[in-house]
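*Asks:* have a look; sequence and predicted model below, questions after that.
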Amino acid sequence: MPSRPGVTTDLRRLSRRTFLRGGLAASLAVPSLVGCATPARPEVAGRDPFTLGVAAGEPGPDGFVLWTRLAPLPLWDDPAAPGGLTGGDVTLTYEIATDPDMRAVVQSGAAVAEAAYAYSVHLEVSGLAPERPYWYRFTLGDAPSRVGRAWTAPEPGSSLRQLRFAFVSCANYEHGFFSAYRHLADEQPDLVLFLGDYIYEYVERVRPTVRRHSDDVEATTLPTYRNRYAQYRMDPDLQRLHAEVPALVTWDDHEVQDDYASEWSATFEDPARFRARRAAAYQAFYEHMPLRPSRSRPQGAALRLYDRFRFGDLVEFSTLDGRQYRSREACTRAPDYGGGHFETDAWCPERRDPGRSPAHRSACRALRAAPR
């Protein structure tokens, strides 16, 4: 796993001497965290707070959403100290410029990394000119993030000749490297759509793996989901893609559990217990995605993700949520029988029950009800 000079990212493999030496080297180059938060460990002081990079999302005619998360120790295993931090919210600054060298700054101000959401930032930017690129960065004290690129959409109904977009899904960290993200960034599309299975929650125990998932356990709690997202976000190719291409995002099942449906787990455990797991997974998803807090801030085990995005008179994307609103799996043979399976009409009349809500039907119904 890559690391910046003086910053080791896999804490489980650190010797005490290496840990202290790395912390000393970093403290000579990067200032301490500022704001109301306090480091959970003395080793946090001086480390790079932007280990998870930056991202932009949901471009509109006058702005977009900017994201980062402060995590000087991104895989820290103390559940009370996400990223190695404790204490209250942290205030940092942001700048938006019309050039990649950040010389022509057109907007700047304060942004808040919310302690309740693992010190993540979801900044809704407005007041920019339509249909043009912008560059941005965050700064904490004297420590800058990398420079990211975003763009604003054309005005609704205006003429748009082309839109270059890509879509990605089903990226299992254990089964391969993310070089496809690097090649995609090289092609410089206008937009990338993440269609689901951004992470995989389980740990492979049967097939060979290329690299291991964080904590070496299946993600089921808020700390383990956070660490899984942090591990994916530390990948240099995924981090670069997010920094260079604005995103629209939705989820599928592995962001929570393989083959879950609404409040039902794949093994049909007690729904109240599974809702607690789903709430943790949804919060971790929000903490690591460029989503608008005015629309997508999680409410317990619920999070509004579906929406509609228009780009001039050329294209409209409807992002659907195919998991949160669907009926449970049909025709279970036993209480613990879940997952994908094929059934015939003779044995499974339930699957044609008109009262059921398949994912596409419920998601489309919710989208039609959304304000235009």
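*Replies:* Ah, there it is.
*Asks:* how about the helices in the stretch 251-372 of the chain?
*Replies:* In the stretch 251-372 of the chain, the segments counted as helices under DSSP state H, counting those that start in this stretch are 271-287, 293-296, 359-369.
*Asks:* looking at those helices, which has the lowest confidence?
*Replies:* Sorting those by mean pLDDT places helix 359-369 lowest, at a mean of 53.
*Asks:* give me the element D77 is part of.
*Replies:* According to DSSP states H and E, D77 maps onto no helix or strand at all.
*Asks:* now do the same for it: its pLDDT.
*Replies:* As predicted, D77 sits at a pLDDT of 82.
*Asks:* one more: R356?
*Replies:* pLDDT for R356: 80.
*Asks:* can you start the count at 6 instead of 1 from here on
*Replies:* Yep, numbering from 6; the last one is R361 now.
*Asks:* enumerate every residue touching it.
*Replies:* Going by Cβ atoms under 8 Å, 6 or more residues apart in numbering, R361 touches 332, 335, 355. Heads up, the C-betas are built off the backbone N, CA and C, glycines and all.
*Asks:* the last one contacts A335, correct?
*Replies:* Yes - proximity of E355 to A335 meets the contact threshold set by Cβ atoms under 8 Å, at 4.5 Å.
*Asks:* check which element follows the lowest-mean-pLDDT helix or strand in the chain along the chain.
*Replies:* The helix or strand of the chain with the poorest confidence is helix 21-34; it has a mean of 35 (mean pLDDT, DSSP states H and E). Once helix 21-34 ends, the next helix or strand along the chain (criterion: DSSP H and E) is strand 42-44.
*Asks:* for that following strand, buried residues please.
*Replies:* 42, 44 (16 or more other Cβ atoms under 10 Å).
*Asks:* name the strands paired with that strand and say parallel or antiparallel.
*Replies:* Strand 42-44 pairs in its sheet with strand 90-92 (antiparallel), by DSSP bridges.
*Asks:* re the thing from before, now list the buried members of the contacts of R361.
*Replies:* 332, 335.
*Asks:* out of the contacts of R361, which is nearest to R233?
*Replies:* Nearest to R233 among these is S332, at 27.4 Å by Cβ to Cβ.
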